[in-house]
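[1] here is a sequence together with a model predicted from it:
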Amino acid sequence: MTALLRFAARRLASAALTLLLVSVLIFAAIHWLPGSYADVFLGALSTPQAKAQLEEKFGLNRPLPVQYVKWISAAAHGDFGISLSTQQPVAAEFAVRLPVTAQLAVMAAAIALTVGVPLGIVGGLVTRPRVLHGFLRLFGSFAMSVPDFVIGSLLLYLISRHSLGFRLGAWIPLSADLAGNLRTAIVPAGALAALGIGFIMTAARHAAISIRGAPWVVAATARGQSTSMIIRQHIVKNAAIPVVTVAAIYLGYMLGGTAIIESLFTIPGIGRFVLQAVSIRDYPVVQAGVLIAATVFIALNLAADIVYAALDPRIRSKASP
Amino acid sequence: MRPPFRGDPLSQIGAALLVVLIVTSLVGSTAHVFGSPTALGGAPLSAPAAGHPLGTDQLGRSVLARTVAGIDQTIVLATAAVVIAAAIGSLLGMLAGYLKGIGDDIVSRCADALFSFPAIVLAIMISAMFRPGSATAIAAVVIVTLPVMVRVVRAATLMVAEQDFVIQARIAEAGLGRILAMHIFPNVAGTIIVQMAYSISFGMIIESGVSFLGLGVQPPGASLGSLLYEGRVYLSVAPWLVFVPGVVLALTILSVNLVGDGLRQVIDPLLE
Amino acid sequence: MTPALEVRGLVMEYRSRRGRVRALDGIDFAAAAGEAVGIVGESGSGKSTLGAAIGRLPVAGVQHVSGEVLIGGVGIFGLDEPALRALRRSRLGFVFQDPIGTLDPTMKVGRQVAAVVDGSADRGVVDGILTDVGLVDVRHVAQSYPHELSGGMAQRVAIGMAMARRPGIIVADEPTAALDASIKVQILDLLVSRCRDSDAVLILLSHDLHAVRTRTRRILVMYGGRIVEAGETATVLDRPRHPYTAALLRSAVGREAPGGCVEPIAGVPPASAERQDSCAFAPRCVYVIDRCRSVRPEARHVAQRDAACHRADEALDLEGAP
């Protein structure tokens, strides 16, 4: 247990450092955006005096490092500033939309895992008939090749023509009406899941293939263990490792990746909100959105590493990567 | 000449498909064999028919011609971006993996930081920093691909650097540039090429995503992603505006993925 | 009396994208209970394929073409899966080259040993097995993961697991190749003594001629998927009658006379898909005559051993390794 804890502590420190660097990158990027904050805020009413006043008020004429420290320390306390478009605290706007995005991401991940893992493992272990093996590989590659907005558009068209019991357009919150919510959510979640099925299936397949040839599987066969027993006792646990890693990365990816799907299906999630903010130059929202997406991604990667170490004892002993 | 990817029919199909797509787009772009992508030939939003095999868009331009031009842009933009990223990333990765020490720490840290953004989020952020256009799309793909390249090349370099012939070269006091160019690079080149193939396919997904949001390629230019952006409002009345580029985009990405699989089998075979 | 292990006319093929190659090209031999048989040959000679074939272990790309392996008189290539597994559990034990690699990295050693004796959770049984192979502090070993053990310790565990059910045949494929020089001797001694104690056949595959010489009574020399010389170890190694055996001895490190050289064998081992009507070693043999290239030599009993060479009965000036 202590080896695991020490490993976790090392990774946590590393992740914190990375997060710091990420925040600096975001801050620098946003401040390179064309058009000054003040100009956007004031819009048509911009005059040199008003601009100077505003800059003084928001501390925009202070040196950049000072502004950065102000921003990051506020962010650490959950204060992400005020949205230029809605005049509401950014944190509040995000809080309202977070459950929607989270639901989509979790549903998509669940679909991707339940479909992708068994298909992947079967695809990796089954060598005959060759047609099945090839078909599964092709299916995995195809699922990874179709961008989610293409599938989304296809589904959108399909459902708008023949409803098939699914609803589109208005989002019904989970708390209000479970059935209605699921009917609205399942289609966009499905579009999101396609990419995940591809990733997870391929990862599981590669894991199963490399394990199939591993010396200890041969040795287990030599000891007279049956294939199904080897799969149950050894292969699933060993294959879980790369699959969990990929799943965590995919989940993190989706927390930004929902942006496009949310736009397509007009779902009131964080992604769509940040995307709109980009086009209208609502900087505080963009800054906060990207920071949160990166933080969640880092956190999920960290979790994946720790789960990996918990499952594979060799990882715990290795020095920090 | 022996067919490439012998014994791997899927990769062969992928390679053939890619060749067909590239030839089609080259012929279409240079000789306008499939029609002109800018000419306002037919009635707007007309369904596929004899005159225009894949229909027309909202301005009356041939969807076939624009899609062919789109293939061209999609492949060229992604490839150009990946080549740039591969050049920079490989150099950084080799230096980091070979020299190790503090430089390696800095490079790895920065790569990890970039890697911490979900790719599409990073691409959107980059695209928002500049004016919408093809250059922006390229920049986004470069920034997204760079950390992957650095990581992969660094890992490969770490393995090669431990081998005897490299240590011998160091003992013989060969210069850094010489060691990297003559000993390290040839041995990581295979890994770089395979990664480039996968990065090109991912780059196409990123570019089309960015263009789909209106931040990348702008009309009258066309990449498959931007065609989707233009056609999306007309989805219910003229679905072919979305499906034709969409299907072609999927096939293009798929073919590059399959070619990447085939290359990887050649360089580093799995026990299939 | 039925030999414990018998191989008859075994032909196995290796199939890859690039074509087919005969990994084993007609193997015949037998071993009686308690015998220690060494099988030597360079990489590509087919000895590992033969070792795996004895248990009908699946090796990527390798297919059975013809011939049979009989264990206690039972042909294994005709068995169905359950019977094959039962045979592996009760009659066979394998020891492989990479001791740590043959254990599941995510499972503690003790659990894996227990799994071999039908998952008995009885610590006493597990500890007993580990003690029998010369391990000390066995509780600690049982609680460890494979990568935490040294190569020598892991190989002892592997030997313990292989012998736990008292099989009649142990196949050891380069069991000490990955171990330090000082440990090699201990592990080989352990292997040989345990097999002798339980009257089991030991098939020792190795490229280390010295190890084979001191520990086996019979030796088979393999080349190009065939047995080129077979007989009592001392006889074959002291006075070889096949040019390849002599060449192998000359290329072995450690046996040179002062001022002499280690002589590698020029050329590469053969790889062909069909049964060749020639001697496999002809292209690299310094004693080759025309007949060697057109007629496949069959094993003949000459000077108290079997040698597959057209010139075996000539007293060629082949140096042995006394």
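    Happy to help now that I have it. Numbers count the residues shown, from 1 in each chain, chains lettered A, B, ... in the order given.
[2] for chain B, what's its nearest residue on the stretch 151-300 of chain A.
    Using CB to the nearest CB, the single residue of the stretch 151-300 of chain A nearest to chain B is residue A:256, 3.3 Å away. (Glycine included, C-beta is placed from N, CA and C.)
[3] following the chain past the host helix or strand of that residue, name the next helix or strand.
    Secondary structure from DSSP states H and E places residue A:256 in helix A:236-264. From helix A:236-264 onward toward the C-terminus, using DSSP H and E, the following helix or strand is helix A:270-279.
[4] how far off centre is that next one?
    Between the centre of helix A:270-279 and the centre of its host chain there is 16 Å, according to CA atoms, centre = their mean, to the nearest Å.
[5] how about the CA coordinates for that helix, as CSV?
    Provided in CSV are the C-alpha atoms of helix A:270-279 (Å, rounded to 0.1, in the frame of the first residue of the first chain):
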residue,chain,number,x,y,z
ILE,A,270,-20.7,24.2,-20.9
GLY,A,271,-19.1,23.5,-24.2
ARG,A,272,-21.6,25.4,-26.2
PHE,A,273,-21.5,28.3,-23.8
VAL,A,274,-17.7,28.5,-24.1
LEU,A,275,-17.9,28.2,-27.9
GLN,A,276,-20.3,31.1,-28.1
ALA,A,277,-18.1,33.0,-25.7
VAL,A,278,-15.2,32.5,-28.2
SER,A,279,-17.1,34.1,-31.0
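[6] list the contacts of the nearest residue to residue B:139 once chain neighbours are set aside.
    The shortest distance from residue B:139 to any non-neighbouring residue, by CB to CB, 6 or more residues apart in numbering or on different chains, is to residue B:126 (5.6 Å). If a contact means CB atoms under 8 Å, 6 or more residues apart in numbering or on different chains, then residue B:126 has A:29, B:136, B:139-140, B:143 as its contacts.
[7] pick the one among these closest to chain C.
    Of the contacts of residue B:126, the one sitting nearest to chain C (CB to the nearest CB) turns out to be residue B:143, at 37.2 Å.
[8] I'd say that closest one and residue B:122 touch.
    Yes: using CB atoms under 8 Å, residue B:143 is in contact with residue B:122, at 6.3 Å.
[9] about what we covered before: surely the residue of the stretch 151-300 of chain A closest to chain B touches residue A:272?
    No: if you go by CB under 8 Å, residue A:256 and residue A:272 don't touch, sitting 11.8 Å apart.
[10] out of those two, which sits in the busier spot?
    Neighbour totals were compared for residue A:256 and residue A:272, and residue A:256 leads with 29 against 22 (other CB atoms under 10 Å in any protein chain shown).
[11] center of chain C, which residue is that?
    For chain C, the residue nearest the mean C-alpha position is residue C:205 (2.4 Å; CA atoms, centre = their mean).
[12] which of the residues in stretch A:175-188 are buried?
    Residues A:181-188 are the ones in stretch A:175-188 that count as buried (16 or more other CB atoms under 10 Å in any protein chain shown).
[13] where in the stretch 1-150 of chain B is pLDDT low?
    In the predicted model, the stretch 1-150 of chain B carries pLDDT under 70 at residues B:1-4, B:6-7, B:41-42, B:49-51.
[14] please redo it, this time with the cut-off set to 50
    Scanning the stretch 1-150 of chain B for pLDDT under 50 picks out the ranges B:1.
[15] which stretches of it form helices?
    Taking DSSP state H, counting those that start in this stretch, the helices of the stretch 1-150 of chain B run over residues B:9-31, B:63-99, B:101-115, B:119-129, B:134-161.
[16] most packed of these?
    helix B:119-129 (a mean of 25; mean count of other CB atoms under 10 Å in any protein chain shown).
[17] between residue B:143 and residue B:122, what contacts are shared?
    What both residue B:143 and residue B:122 touch, as defined by CB under 8 Å, 6+ apart, is the set residue B:114.
[18] how far does the helix holding residue A:256 sit from its chain's centre?
    Using CA atoms, centre = their mean, the offset of helix A:236-264 from its chain centre is 6 Å.
[19] what does stretch A:158-166 give?
    With CA atoms, centre = their mean, you get 28 Å for stretch A:158-166.
[20] any buried residues in that stretch, and which?
    So, applying 16+ other CB under 10 Å, buried residues of stretch A:158-166: A:159, A:166.
[21] wondering if it reaches chain B at all.
    Yes: using CB under 8 Å from any CB of the partner chain, we find that stretch A:158-166 touches chain B at residue A:160.
[22] any residues touching that stretch, and which ones?
    A:168, A:183-184, A:186-187, B:235-236.
[23] so how far is the strand or helix carrying residue C:39 from its chain's centroid?
    Element membership for residue C:39, per DSSP H and E: strand C:36-40. The chain centroid and the centroid of strand C:36-40 are separated by 6 Å under CA atoms, centre = their mean.
[24] quick one, phi/psi of residue C:75?
    With angles defined as degrees, to the nearest 10, residue C:75 sits at phi -80, psi 130.
[25] my error: substitute residue C:304 in the last question.
    For residue C:304, the backbone dihedrals (degrees, to the nearest 10) come out as phi 70, psi 20.
[26] just the pLDDT at it, thanks.
    Per-residue confidence (pLDDT) for residue C:304: 85.
[27] ok, which residues in the stretch 1-150 of chain B are in contact with chain A?
    Proximity of the stretch 1-150 of chain B to chain A, by CB under 8 Å from any CB, involves residues B:9-10, B:109-110, B:112-114, B:116-121, B:124-126, B:128-131.
[28] thanks a lot, see you next time.
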